[in-house]
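Colleague: The following comprises the amino acid sequence and a computationally predicted model.
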Amino acid sequence: MQDKFSHFDNEGNAIMVDVSDKSITQRIAVASGCIIVCQEIMDAIKNKTAKKGDVLGVARVAGIMAVKQTPNLIPMCHTLLIEKCSIDFITDCDNNKITAICKVKIDGKTGVEMEALTGVSTALLTIYDMCKAIDKRMIITDIHLVEKAGGKSGEFLW
């Protein structure tokens, strides 16, 4: 049976994938990325002396908030009930580099890769925002999916 809107299906290529027939399985995604900063920024982060406050603490909260808002930012993402999200940081003081790692977990019908990537990106952008008064020459780099588990396409490991 054809509904009154079916003729719009061919009016462009943007669609949200139908997941109604998919099974609910545990889905996990891990993404990471880096920001390269100057020594002054690394010291401010390490000593918690940045004028805007605890840089990594705020970046962690921003990343988690972004994970939950992913379908509002990426048009074809499904709204998901996030069951677990973590943002962790590895500071490499010798190379003035901070790595952000976002892990997202749900039991659902679709994966959480975009949520993990959004969380990492937002955490790194928050570090930039909180430290740009010190030096704007930061480099955000290497944002990528590290690991994915669950769903029809199975496992992925970078």
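Modeller: Thanks, I have it. Everything numeric here is computed off the predicted structure, so don't read it as measured data.
Colleague: part of a strand, is residue 117?
Modeller: No - looking at residue 117 with DSSP: H, G, I helix; E, B strand; the rest coil, it is helix, so not inside a strand.
Colleague: quick one: contacts of stretch 119-127?
Modeller: 31-35, 37, 45, 55-56, 58-60, 62-67, 85, 87, 89, 98, 100-102, 104, 138, 140, 143 (C-beta atoms under 8 Å, 6 or more residues apart in numbering). (Each C-beta comes from the backbone N, C-alpha and C, glycine too.)
Colleague: Helices along this protein, start to end?
Modeller: Ranges of helices within the chain are 39-47, 55-73, 113-131, based on DSSP state H.
Colleague: Can you pull out the low-pLDDT segments for the protein?
Modeller: For the chain, residues meeting the criterion pLDDT under 70 lie at 1-12.
Colleague: ok, which stretches of it are strands?
Modeller: Ranges of strands in the chain, per DSSP state E, are 25-36, 84-92, 97-108, 139-149, 156-157.
Colleague: Looking at those, which is nearest to residue 114?
Modeller: Closest approach to residue 114 among the strands of the chain (C-beta to C-beta): strand 25-36, 8.3 Å.
Colleague: how close does residue 60 sit to residue 67?
Modeller: Distance, residue 60 to residue 67, using C-beta to C-beta, to the nearest Å: 11 Å.
Colleague: Mind checking which of these two has more residues around it?
Modeller: Each of residue 60 and residue 67 has its neighbours counted (other C-beta atoms under 10 Å); residue 67 has more, 27 against 20.
Colleague: Make TSV out of the strands of the chain and add mean neighbour count and distance to residue 50.
Modeller: Below are the strands of the chain laid out as TSV (neighbours: other C-beta atoms under 10 Å; distance: least, C-beta to C-beta, whole Å):
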stretch	mean neighbour count	distance to residue 50
strand 25-36	21	14
strand 84-92	16	14
strand 97-108	21	13
strand 139-149	15	17
strand 156-157	12	35
